[in-house]
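Participant: Quick one: sequence plus predicted model below, questions after.
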Amino acid sequence: MKHYSAFAIAREAFRQHTGWGRAWASPEPRASYDVIIVGAGGHGLATAYFLGKRYGIKNVAIIEKGWLGGGNTGRNTTIIRSNYLQDPSAAIYEKSRSLYETMSQDLNYNVMFSPRGVMMLAQTEHEKRGYLRTERANALQGVETRFIQPAEVKKLVPIINLDGPRYPVLGALWQARAGTARHDALAWGYARACSDMGMHVIEQCAVTGVESVGGEVTAVNTTKGTIGCKKLGIVVAGHSGALADMAGFRLPVESVALQALVSEPIKPCMDVVVMANTVHGYMSQSDKGEMVIGGGADGFNNYTQRGSWHHIEETVRALVETFPMVSRLKMLRQWGGIVDMTGDRSPIISKTPLGNCFINCGWGTGGFKATPGSGYAMAELVANGEPGPLAEAFSMYRFREGRFIDESVAAGVAH
Ligand SMILES: Cc1cc2nc3c(=O)[nH]c(=O)nc-3n(C[C@H](O)[C@H](O)[C@H](O)COP(=O)(O)OP(=O)(O)OC[C@H]3O[C@@H](n4cnc5c(N)ncnc54)[C@H](O)[C@@H]3O)c2cc1C
């Protein structure tokens, strides 16, 4: 792998950039691997990366039905934060946030992590009480957050309207070290590092079946043939139910489309991320100047990766009250991704009924921020066959046993 550096850019500038190699190889699959990871989204790639880095397991294939990062990894609004309510959530999201801080150096790939600060607006008394509680929970968990008053909100976000017609801004939960990162770069950076370790990133290859003997997976059927494996990791987000079905078990997840949109690019006007959960809309400004706007999830199960008019209307209408400038913006494009929702809005990193098959899913509307931490914890589970401290609360059997990690009703927000 060619090391990326200022010196390398300068050298290539002198030879019309002819010396750059491909960032990752595109090999044909081998007959079998020690580990197959299904899904080359951020979580699958991060799992493979940590399998190699932390456990020296490098005979690994990451199998992707489309192009890598083309699932939710390349479709999200890139918000990274760790101010969750429950202890297991705060632990894994904070681990993840801290891994983002050094990711560009670790991968030698600029993922443009921007710890610009994330603000979650309190627009009802109920929401304010909830955030004050989260602030205290975060203090006990060692996650740095602060409830700030409306005047400070206005100072940080001058374009905000504090006295909206329906919902005034009563304050906000502020996490200064939260922020955003370039989502495609994360996938590309992990793929490059995995390929450099000798792993196979196999794109345009759908898994169509899972073969097992005596409760152990032996191989996966794919559109490029049958490939053997000693261990299988399923990391396919919105398609988790379909993959579990192939492996012969059921998952407590539902798949729905979640949508987002961006405006035309405008001059810099907001340098933090703002989430307005009561009216439901969140917004940040990209480096290109577009306002990146997160919308809602469809109210019915589906597998469509596209946007729809009513979500634009609902989201923009909600945001206009708090950000009147939005009414003057033209919207440029919209899209959707298929997210996998659990009942408590917390993820699953778990063993399965098949002895050597492990699953990582259920990140729903908020898993981009968790990518490195999720990969770290999933690699530990795959390598050791048992979850480590970050993953142990996230078994899929918690739904059977009533041990929910409620980031939905109790926390009041789930992105
Ligand atoms: C509009 C939108 C906005 C979001 N905003 C945020 C946000 O601001 N912050 C945040 O933290 N999270 C956000 N999320 C959620 C976040 O994007 C996801 O939780 C996260 O990206 C999931 O990553 P992943 O790697 O598990 O999934 P994916 O990136 O979806 O990867 C799974 C891969 O599996 C592949 N696959 C599926 N089936 C098969 C098969 N049979 N064979 C082979 N490959 C298969 C898919 O093609 C896909 O590439 C958002 C999501 C959406 C849709």
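Facilitator: Yep, that arrived. Numbers count the residues shown, from 1 in each chain.
Participant: Grab the nearest non-local neighbour of residue 291.
Facilitator: residue 263 (4.2 Å; C-beta to C-beta, 6 or more residues apart in numbering). All C-beta spots, glycine's among them, are computed from the backbone N, C-alpha and C.
Participant: Can you report phi and psi for the one you found?
Facilitator: Per-residue torsions, residue 263: phi -90, psi 180 (degrees, to the nearest 10).
Participant: quick one, what contacts it?
Facilitator: By C-beta atoms under 8 Å, 6 or more residues apart in numbering, residue 263 lies in contact with 290, 291, 293, 326, 329, 330, 331, 332.
Participant: tell me the contacts of the last one?
Facilitator: Residues counted as contacts of residue 332 (C-beta under 8 Å, 6+ apart) are 261, 262, 263, 264, 290.
Participant: so the residue nearest to residue 291 bridges to which residues?
Facilitator: Going by DSSP bridges, residue 263 is paired in beta bridges with residue 331.
Participant: ok, so of the contacts of residue 263, who is nearest the ligand?
Facilitator: residue 293 (9.8 Å; C-beta to the nearest ligand atom).
Participant: Out of the helices and strands in this protein, which is least certain?
Facilitator: Ranked by mean pLDDT, DSSP states H and E, the weakest helix or strand in the chain is helix 309-322, scoring a mean of 89.
Participant: and that one, how far from the chain's centre?
Facilitator: 24 Å (C-alpha atoms, centre = their mean, to the nearest Å).
Participant: do the same with stretch 71-82
Facilitator: Relative to the chain's own centre, stretch 71-82 is displaced by 5 Å; criterion: C-alpha atoms, centre = their mean.
Participant: likewise stretch 316-329?
Facilitator: Distance of stretch 316-329 from the chain centroid (C-alpha atoms, centre = their mean) equals 26 Å.
Participant: Tell me the spacing between the residue nearest to residue 291 and residue 278.
Facilitator: Look at residue 263 and residue 278: by C-beta to C-beta, to the nearest Å, they are 22 Å apart.
Participant: Residue 151 should be in a helix, yeah?
Facilitator: Yes: according to DSSP: H, G, I helix; E, B strand; the rest coil, residue 151 belongs to a helix.
Participant: ok, now how distant is it from residue 166?
Facilitator: According to C-beta to C-beta, residue 151 stands 21 Å off from residue 166.
Participant: who in the stretch 201-350 of the chain is up against the ligand?
Facilitator: Residues of the stretch 201-350 of the chain lying close to the ligand (C-beta under 6 Å from any ligand atom) are 206-207, 235-237, 239, 243, 258-260, 294, 337, 339.
Participant: per-residue confidence for the residue nearest to residue 271 when sequence neighbours are not counted?
Facilitator: Spatial nearest neighbour of residue 271, chain neighbours left out: residue 116 (5.7 Å); criterion: C-beta to C-beta, 6+ apart. Residue-level confidence at residue 116 comes out at 97, pLDDT.
Participant: The stretch 201-350 of the chain: helices as residue ranges?
Facilitator: Per DSSP state H, counting those that start in this stretch, the stretch 201-350 of the chain carries helices over the ranges 240-247, 309-322.
Participant: what's the closest of the ones you listed to residue 128?
Facilitator: For the helices of the stretch 201-350 of the chain, proximity to residue 128 was assessed by C-beta to C-beta; helix 309-322 is nearest, at 15.3 Å.
Participant: packing partners for that closest one?
Facilitator: Contacts defined by 3 or more C-beta pairs under 8 Å, 6 or more residues apart in numbering; DSSP states H and E place helix 309-322 against strand 253-265, strand 273-276, strand 281-285, strand 290-297, strand 331-342.
Participant: Now the ones you listed in CSV, please, with extra columns for mean pLDDT and distance to residue 24.
Facilitator: Below are the helices and strands packed on helix 309-322 laid out as CSV (pLDDT from 0 to 100; distance: least, C-beta to C-beta, whole Å):
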stretch, mean pLDDT, distance to residue 24
strand 253-265, 95, 27
strand 273-276, 94, 30
strand 281-285, 93, 29
strand 290-297, 91, 27
strand 331-342, 95, 23
